[in-house]
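> Sequence first, predicted coordinates after that:
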Amino acid sequence: AEGLAMLVRERLGADPFSGVIYVFRSKRADRVKLIFWDGSGVVLVAKRLEDGRFNWPAVHNGVMRLSAAQFQALFEGLDWRRVHGSRRVARPTATS
């Protein structure tokens, strides 16, 4: 975990203790590692897909941003690009 935390700080110029989840993928795209600070320690999670690959988002300037729903889909091995948030609707007004 310490090695990935150092990578976050040195390569990404980010704070590994900010609470943000940092995700790293293997070259074969069948494994990911997550690192984040949960307030009491550094958490390291590793996952290997038994079949298939993780659908990896495009990386811009070394960073990718996903919504919570997209991240969950990515972690489950699903196509995260098909996950969209609910559409925004206009706030209703009271009528008499």
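Perfect, thanks for sending it.
> which residues does the spatially closest residue to residue 25 that is not a sequence neighbour bridge with?
In this structure, residue 25 finds its nearest non-sequential neighbour in residue 32, 5.2 Å apart by CB to CB, 6 or more residues apart in numbering. For the C-beta atoms, the positions are set from N, CA and C on the backbone; glycine is no exception. With DSSP bridges applied, residue 32 shows beta-bridge pairing to residue 25, residue 47.
> neighbours around residue 32, how many?
For residue 32, the tally of surrounding residues (other CB atoms under 10 Å) stands at 19.
> Could you do residue 44 as well?
Counted with other CB under 10 Å, residues neighbouring residue 44 total 14.
> That one belongs to a strand, doesn't it?
Yes. Under DSSP: H, G, I helix; E, B strand; the rest coil, residue 44 falls within a strand.
> Start at 540, not 1
All set: I'll call the first residue 540, so the last point we hit is now residue 583.
> Hmm, residue 573 and it touching each other?
Yes. Using CB atoms under 8 Å, residue 583 is in contact with residue 573, at 7.2 Å.
> Counting neighbours, which bits of the strand or helix carrying residue 608 end up buried?
Residue 608 belongs to helix 607-614 when assigned by DSSP states H and E. Applying a neighbour-count criterion of 16 or more other CB atoms under 10 Å, one finds 609-610, 612-614 buried in helix 607-614.
> packing partners for it?
Other elements packing on helix 607-614 under the criterion 3 or more CB pairs under 8 Å, 6 or more residues apart in numbering; DSSP states H and E are strand 570-576.
> Off-centre distance for the strand it packs on?
8 Å (CA atoms, centre = their mean, to the nearest Å).
> Over to stretch 592-602?
Here the centre of stretch 592-602 is set off from its chain's centre by 10 Å, with CA atoms, centre = their mean.
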